[in-house]
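**Q** Provide a 3D model corresponding to the input given below.
(one chain, ligands or ions: 2)
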Amino acid sequence: MVKCSFCSAQAVYVNRVSGLAYCRRHFIEYFERKARKAIRKYHMLSPGDKVVVGVSGGKDSMALLHLLLKIKKKIPRLEVVAVLVDEGIKGYREKTIPNLVKYAKKQGVKYLIASFRDYVGATLDEIVERGSEYKLPYMPCSYCGVFRRYVLNTVARELGARIIATAHNMDDVVQTYIMNLVNNSWDRVVSLAPVRESSEEYIVKRIKPFYEIPEKETALYSLLNNLIQPEFIQCPYVKYNVRFTIRKLLNELEENHPGSKYGLLRSLLELIEMGRKHKIIEKKYTRCIICGNPASQAICRACLFRAQLNLLRESEKALLRESIEKHPELHRLLSKMNTP
Ligand code: SF4
Ligand code: ZN
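**A** Ligands and ions are numbered 1, 2, ... in the order given. Modelled structure (predicted):
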């Protein structure tokens, strides 16, 4: 039996990099201290902030909601609203939604469920089917990620919240970093910072309080606080995602060389810093002419997908047509819009 390095209780976790062992109580203290430190270090939250927490009902997001509700007591007038984005994936999301609802009711936290059907115009299952019918070149996870950000952004703006907190942990960040390197997408590396500041009214600040915390630890924090059921539910589209190949590789690397993920995270942070300092990689946003969310072109990626999937409402199509003189690049898109 391994003993806790701080008391005589049985350890539930051993940090392989530091060699320290933690019992339940000391692990929870250690975890919350680390998250609080990141929140302070990166100036994530201030008194009076209204924060939308993106939750899925899974381990990471339930851990984040739990932590922010604890922190709420220490930051005056901090308001927390849990928003669960229901993508509409048969046999998957309906298992995690009750988890959030039960927890939110017990804690008395405000929550709402925002579905792809209501905000995008179709469920992810329908989108995937339509995408293959229209011969679009996108994978299910590409639609899913883009539309999830779109729904969260739209809901945050509707609620008047200036901050979105997401449960991306160190593993997620490092995996995305490697994916961007593989795709040579340097501009996207910038959006991997722990905080995306809001420079304009339409840009909602995004924070990742678990940026420096490994997935193993967020999972354990959830389990020790009884936030999730131990049963493992996997999204049926997971096999199409390159992230999971990279995840496996990185886990193997970490297993053989503890501390590798943290090393990659440090290199990412230095890269972001260098990019900022020398203005090498600068992501500029404009306002999407259809939905008003941040975009790197005339329309955001979500509205581009919706147009290609023929999911725009008539008023939105009219907006797009009106803008065509100013944005001739939209011609090509419009010509494809209504034809399966
Ligand atoms: Fe969405 Fe892909 Fe994750 Fe499934 S695996 S929830 S489709 S991002
Ligand atoms: Zn848009």
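**Q** neighbouring strands for the lengthiest strand in the chain, and are they parallel or not?
**A** If you go by DSSP state E, the chain has its longest strand at strand 79-86. Strand 79-86 has its sheet partners listed here by DSSP bridges as strand 50-55 (parallel), strand 110-115 (parallel).
**Q** now what about whatever helix or strand comes next after it, what contacts it?
**A** The helix or strand immediately downstream of strand 79-86 is helix 93-107, counting by DSSP states H and E. The contact list for helix 93-107 (CB atoms under 8 Å, 6 or more residues apart in numbering) reads 55-58, 62, 65-66, 69, 82, 84, 86-87, 109-111, 113, 227-229, 233. (Glycine included, C-beta is placed from N, CA and C.)
**Q** In ChimeraX, select just the buried ones from these.
**A** Burial among the contacts of helix 93-107 is assessed by 16 or more other CB atoms under 10 Å; the matching ChimeraX selection reads:
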select :55,56,57,58,62,65,66,69,82,84,86,87,109,111,113,227,228
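**Q** what subset of the contacts of helix 93-107 is also close to ligand 1?
**A** Filtering the contacts of helix 93-107 for neighbours of ligand 1 using CB under 6 Å from any ligand atom leaves Glu87.
**Q** Now distance to Arg247 too, for the strands paired with strand 79-86, in CSV please.
**A** As requested, the strands paired with strand 79-86 are exported to CSV (distance: least, CB to CB, whole Å):
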stretch, distance to Arg247
strand 50-55, 20
strand 110-115, 27
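**Q** And those: which comes nearest Arg149?
**A** Nearest of those to Arg149, taken as CB to CB: strand 50-55 at 8.9 Å.
**Q** Report the angle between the closest one and helix 93-107.
**A** Per axes from the mean of the first three to the mean of the last three CA atoms, to 10 degrees, the angle that strand 50-55 makes with helix 93-107 is 140 degrees.
**Q** Mind listing residues that contact the helix or strand just after strand 50-55?
**A** The helix or strand immediately downstream of strand 50-55 is helix 59-72, counting by DSSP H and E. Residues outside helix 59-72 that contact it (CB under 8 Å, 6+ apart): 32, 35-36, 39, 45, 51, 53-55, 78, 80, 82, 99-100, 103-104, 107, 109, 165-169, 172, 209-210, 215, 218-219, 221-223, 225, 227-228.
**Q** Tell me the buried residues within the residues you listed.
**A** For the contacts of helix 59-72, buried by 16+ other CB under 10 Å: 35, 39, 45, 51, 53-55, 78, 80, 82, 99-100, 103-104, 109, 165-169, 172, 209-210, 215, 218-219, 221-222, 225, 227-228.
**Q** residues from the stretch 201-340 of the chain in reach of ligand 2?
**A** Cys288, Ile290, Cys291, Cys300, Cys303 (CB under 5 Å from the ion).
**Q** Just those: which are in helices?
**A** Cys303 (DSSP state H).
**Q** With distance to ligand 1, pLDDT and neighbour count added, can I get the residues of the stretch 201-340 of the chain next to ligand 2 in JSON lines?
**A** Shown next, in JSON lines, are those (distance: CB to the nearest ligand atom, whole Å; pLDDT from 0 to 100; neighbours: other CB atoms under 10 Å):
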{"residue": "Cys288", "distance to ligand 1": "22", "pLDDT": "93", "neighbour count": "22"}
{"residue": "Ile290", "distance to ligand 1": "23", "pLDDT": "93", "neighbour count": "23"}
{"residue": "Cys291", "distance to ligand 1": "20", "pLDDT": "93", "neighbour count": "22"}
{"residue": "Cys300", "distance to ligand 1": "18", "pLDDT": "93", "neighbour count": "25"}
{"residue": "Cys303", "distance to ligand 1": "19", "pLDDT": "94", "neighbour count": "26"}
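**Q** and Asn226, how far is that from Val174?
**A** The spacing between Asn226 and Val174, counted by CB to CB, to the nearest Å, is 28 Å.
**Q** which of these two has more neighbours?
**A** Val174 (26 against 10; other CB atoms under 10 Å).
**Q** Relative to ligand 2, how far out is the residue nearest to that one when sequence neighbours are not counted?
**A** Closest residue in space to Val174, ignoring its immediate chain neighbours: Leu264 at 4.7 Å, by CB to CB, 6 or more residues apart in numbering. Separation of Leu264 from ligand 2 (CB to the ion, to the nearest Å) stands at 32 Å.
**Q** sorry, back to before: what's next to the longest strand of the chain, contact-wise?
**A** Contacts of strand 79-86 (CB under 8 Å, 6+ apart): 49-57, 65, 68-69, 72, 93, 97, 100, 104, 109-117, 148, 151-152, 155-156, 159, 161.
**Q** what's the angle between it and helix 59-72?
**A** Using the same axes, to 10 degrees, strand 79-86 lies at 170 degrees relative to helix 59-72.
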